[in-house]
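In: here's my sequence, what's the structure:
(one chain, ligands or ions: 3)
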Amino acid sequence: MNVVTGEEMHQIDRYAIEEIGLKEELLMENAGLAFVNCILPLLEKKTDRVAVLIGVGNNGGDGFVISRSLLEKGYQVDVWLIPPLEKVKGTAKYHMEVFAKCGYQILNFENFTYEHFLEKLTSCTYLIDALLGTGIRGSLRSPYKEIIPAVNKLDRTVISVDLPSGLPSSEVCEVEEAIKATYTVTLQCPKLSAFTYPAREYYGELSVVDIGIPRLAINEISNERFLWTEKDVKRTLPVRKPSSHKGSHGKALIIAGSKTMTGAPVLTTKACHRLGAGLVTLAIPDVAHEVVASQIIEATFHLCSSKNGEINDTHLSDKQLKDRYDAIAVGPGIGRNNTGSFLKTLLTDFQKPIIIDADGLYYLKRYISTLRTRGGATILTPHSGEFAFLINESIKTVEENRFSLSKQFAMQHGVYLLLKGPNTIVTTPTGNQFINPTGNSALAKGGSGDVLTGMVLALVMQQQDLQPAISNAAFLHGKAADILTSHGFSPLSVLASDLVEIMPQVLDRF
Ligand SMILES: NC(=O)C1=CN([C@@H]2O[C@H](COP(=O)(O)OP(=O)(O)OC[C@H]3O[C@@H](n4cnc5c(N)ncnc54)[C@H](OP(=O)(O)O)[C@@H]3O)[C@@H](O)[C@H]2O)[C@@H](O)CC1
Ligand SMILES: Nc1ncnc2c1ncn2[C@@H]1O[C@H](COP(=O)(O)OP(=O)(O)O)[C@@H](O)[C@H]1O
Ligand SMILES: [K+]
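Out: Numbering: from 1, shown residues only. Ligands and ions are numbered 1, 2, ... in the order given. The predicted structure follows:
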C-alpha cells in the first residue's frame, strides 16, 4: 500500500482526472460513500445525532456526500457549513447543490452565534470532521483556528475525513493545532504524517478506504514509500518444505555479549532459533561463556579472546568466514571499550549479509567508508540515538526527519537501514521505504532490540529478497507485542523474553 504526501496525492488525483478521465465528481462520490461504509459499524444507534463539519475545499465536498448518504440511511444529521455559501467552489459546490436539491438542510455557521453553534454540537454524539484535508497551507486561520480547539474540548467521538483537520500531510515535526480524532478514515493512500510523531497521535485509529483511483495513477506519481501490511507478510513469509534439512534454513553466526551484558546474546540467539534458523553459532568473549551457555541449549559456541571483559578478537579464519556461515549479526551487548577492529575484518572478508546492531553500530562509525564497497548486503538496525551518532546529528533532528534522513543514508552507503521506533522504517539501498504498522510501547524496554536482531538474521537467511525478510521481522516483532498487550499483558510488564516465548503463536497466524 503506497504512502504519499499531500502534494503527491494531489498529483495522483490530477492524473486520474486529466490523464485517465475519471470525473472528480465521481471520485468525491466514491470517497464519501466509502467513508460512510467504513464508519457504519461505529455508529451505534440511528437516534444518536451526528454533526458533519464542512470546510471550504474538497474535504468539505466529501462532507456533503457523507451527509447525504447518512441522511438517506435514516441517521439524524446536522450539516454545518463553516465558510459562507458563496466561497464553496468547483466539485465541492456541485455536491453541495446535489445535497440541497435532495431536500436536505444546511446550517450556515455564519448565521449562528458561536455559543449557539457549540451548544448544538454538544447535543451530538458523533462529530465528522470534513473541515480541511490535504489542501491545508500554513497556520490555521479563522474560523478554523477557533473551531478546532473547541471541538477537541467537547470530548465527543470525532471521525476525520482523510486526515485530522489542521494536520499537514507530509513529514511534519511540530503540530500547532489540529483535530484530535478518535478515528480517521483516509482516502485511497495513507498520508505520510500518519507515521510521524507527534502527528500520528492526532489520527486516532486509522483506516484506509479505496475510492477507485486506478493503480496506474498512484504508481506513476509515487512508488517509493509503502505500508508493509499483514497481507505482504502472508505473501512473502518463507514456507518450510517437507523435505528440508537444517542446512536449508541457514547457518547463522551471532557475535554478541560481554562480561557485563550476558542477556543480549541469549535473546538474539533464542529469537533467531524461534524464527526458523537452521543452525546458530554464538560467538562470545571467553569470559562470558559459562553464564551464557547455561541459558542456551540449541546453539553451538565460538569463543573469542577478551580484553576489558569484551571481545578483542574473534579469531574467525578466512575459511570459516567464507564457507561456514550464511549471514552474521554483530553487536548486541558487545560493549564499546576495545577497538572493534574485528568488525572491519568482517566487513571486508565476509561476502554475505551482515546485520549490525547496538554497539556494533558504535564501532561501525570508524569503518563506515567500507560499506559502499562491501561484497555482501549490509543491514543496519539503529534506534534514533544510534542513527544520530552515525550521521553526526542530534536525536531531535533524526526524529523530525526520519524518512528523508534514512533514505539519504541508505542510498549514500548502499545499505538496508531499519530505523527503529514507533512505525519502524525499512529503507533499501535504492531508497524505497517500507513502514511497519505493528508494535506498541511495550517494546520500549531493554532487550527488545536484541530480539529483533535475531529475528532479522533468521529471516534474511531464509529469503532471497532482503527487504521482505527485514520488514517481516519488524512486523512479527511488533505483532508479538500487540498480541501480548491484547491478551492480558500490560505494556508495562512485557519482557523481551516474552516476545521470544510468544513467537510460535505469532507465526501460527501466518
Ligand atoms: N481532488 C480530488 O480528486 C479528490 C479530493 N478529495 C478530498 O479533497 C481534499 C483536498 O481538497 P482541497 O485540495 O480542496 O483541500 P482542503 O484541505 O479540503 O481545502 C483547502 C482550502 O482550505 C483553505 N485553507 C488552506 N489552508 C488553510 C489554513 N491554514 N487555515 C484555514 N483555511 C485554510 C483554503 O481555502 P481559502 O481559505 O483560501 O478559501 C484552501 O483552498 C482531500 O483531503 C480529500 O478529502 C476527495 O474528494 C477525493 C477526490
Ligand atoms: N513506543 C514504541 N512503539 C513501538 N515500538 C517501539 C516503541 N519503543 C521501542 N520500540 C521498538 O522496540 C525495539 C527497541 O530496540 P532498542 O532500542 O534497540 O532496544 P535494546 O537495544 O535495548 O534491546 C525496536 O524494535 C523499536 O522499534
Ligand atoms: K479532515
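In: need the contact list for V88.
Out: Shown in contact with V88 (Cβ atoms under 8 Å, 6 or more residues apart in numbering): V56, G60, L81, M96. All C-beta atoms are positioned from the backbone trio N, CA, C, and that covers glycine.
In: please tell me how far whatever residue of the stretch 151-300 of the chain ends up closest to ligand 3 sits from Y183.
Out: With distances taken as Cβ to the ion, the stretch 151-300 of the chain approaches ligand 3 most closely at S165, which sits 4.1 Å away. The gap separating S165 from Y183 is 14 Å, by Cβ to Cβ, to the nearest Å.
In: who's more crowded, those two?
Out: A direct count of neighbours by other Cβ atoms under 10 Å for S165 and Y183 places S165 higher, at 28 against 19.
In: spatially nearest residue to the residue most central in space within the chain, not counting backbone neighbours?
Out: Per Cα atoms, centre = their mean, the C-alpha nearest to the average position across the chain is that of N423, at 2.9 Å. Leaving aside its chain neighbours, N423 sits nearest to F195 (4.4 Å; criterion: Cβ to Cβ, 6 or more residues apart in numbering).
In: count of neighbours near the one you found?
Out: Using other Cβ under 10 Å as the criterion, the residues surrounding F195 number 25.
In: please apply the same query to the one 5 residues further on.
Out: The tally of other residues near R200 (other Cβ under 10 Å) stands at 16.
In: cool, D465 as well?
Out: D465 has 9 neighbouring residues, counting by other Cβ under 10 Å.
In: show me what contacts it?
Out: Listed by Cβ under 8 Å, 6+ apart, the contact partners of D465 are T236.
In: quick check, pLDDT for it.
Out: At D465, the predicted lDDT confidence score is 94.
In: report the separation between it and E97.
Out: Counting by Cβ to Cβ, the gap from D465 to E97 is 51 Å.
In: can you check F434 too?
Out: In this structure, F434 lies at 43 Å from E97, with Cβ to Cβ as the measure.
In: tell me the residues of this structure that contact ligand 3?
Out: Counting by Cβ under 5 Å from the ion, the positions of the chain adjacent to ligand 3 are N59, D129, S160, V161, S165.
In: looking at the residues you listed, spot the one nearest T281.
Out: Using Cβ to Cβ, S160 is the member of the residues of the chain next to ligand 3 that sits closest to T281, with 51.3 Å.
In: wait, a helix at the closest one?
Out: No. Following the definition DSSP: H, G, I helix; E, B strand; the rest coil, S160 is strand and is not counted among the residues of a helix.
In: just to check, it is in contact with L187?
Out: No. Using Cβ atoms under 8 Å, S160 is not in contact with L187; the gap is 10.9 Å.
In: these two: which is more packed in?
Out: With other Cβ under 10 Å as the criterion, S160 and L187 differ in neighbour count, and S160 comes out ahead with 32 against 27.
In: residues contacting that one?
Out: I128, D129, I179, A181, Y183, T184, V185, Y203, G204.
In: restricted to helices, list the residues you listed.
Out: If you go by DSSP state H, the contacts of S160 have Y203 in helices.
In: pLDDT and distance to ligand 1 added to the contacts of S160, as TSV?
Out: TSV is the format used below for these (pLDDT from 0 to 100; distance: Cβ to the nearest ligand atom, whole Å):
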residue	pLDDT	distance to ligand 1
I128	98	12
D129	98	11
I179	98	12
A181	98	14
Y183	98	15
T184	98	11
V185	98	10
Y203	97	14
G204	96	17
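In: what about A442, how many residues close to it?
Out: A442 - counted by other Cβ under 10 Å - has 23 other residues nearby.
In: now, which of the contacts of V88 lie close to ligand 1?
Out: Restricting the contacts of V88 to those near ligand 1 by Cβ under 6 Å from any ligand atom leaves V56, G60.
In: once you drop chain neighbours, what's closest to P83?
Out: V56 (4.2 Å).
In: could you do D78 as well?
Out: Counting by Cβ to Cβ, 6+ apart, the nearest residue to D78 once its immediate chain neighbours are dropped is A51, at 4.5 Å.
In: and what about the one you found, helix, strand or coil?
Out: Here A51 is strand, with the state taken from three-state DSSP.
In: for the longest helix along the chain, name the packing helices and strands.
Out: Under DSSP H, the helix in the chain containing the largest number of residues is helix 466-486. The contact analysis (3 or more Cβ pairs under 8 Å, 6 or more residues apart in numbering; DSSP states H and E) places helix 466-486 against helix 230-236, strand 416-419, strand 425-427, helix 448-462, helix 496-507.
In: redo those as JSON lines? Include mean neighbour count and distance to ligand 2.
Out: Formatted as JSON lines, the entries for those read as follows, by neighbours: other Cβ atoms under 10 Å; distance: least, Cβ to the nearest ligand atom, whole Å:
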{"stretch": "helix 230-236", "mean neighbour count": "13", "distance to ligand 2": "16"}
{"stretch": "strand 416-419", "mean neighbour count": "25", "distance to ligand 2": "8"}
{"stretch": "strand 425-427", "mean neighbour count": "27", "distance to ligand 2": "10"}
{"stretch": "helix 448-462", "mean neighbour count": "28", "distance to ligand 2": "2"}
{"stretch": "helix 496-507", "mean neighbour count": "19", "distance to ligand 2": "6"}
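In: how's this protein carved up into domains?
Out: The record assigns the chain these domain ranges, following automatic domain parsing: 6-223, 232-236+246-507.
In: quick one: the first one to chain centroid distance?
Out: To tie it back to what came earlier, the one meant is domain 6-223. Going by Cα atoms, centre = their mean, to the nearest Å, the spacing between the C-alpha centre of domain 6-223 and its chain's C-alpha centre is 23 Å.
In: and it, end to end?
Out: This stretch, domain 6-223, spans 14 Å end to end (Cα to Cα, to the nearest Å).
In: just checking, A388 touches I395?
Out: Yes. With contacts counted by Cβ under 8 Å, A388 reaches I395, the gap being 4.7 Å.
In: quick one: which of the two has more around it?
Out: Just comparing A388 and I395: by other Cβ under 10 Å the higher neighbour count belongs to A388, 18 against 14.
In: let me know the secondary structure of that one.
Out: The local conformation at A388, judged by three-state DSSP, is helix.
In: how far away is it from T397?
Out: Counting by Cβ to Cβ, the gap from A388 to T397 is 7 Å.
In: tell me the contacts of the closest residue in space to T378 that isn't next to it in sequence?
Out: In space, not counting the residues next to it along the chain, T378 is nearest to V415; the distance is 4.4 Å by Cβ to Cβ, 6+ apart. Shown in contact with V415 (Cβ under 8 Å, 6+ apart): L371, A377, T378, I379, L380, F409, P429.
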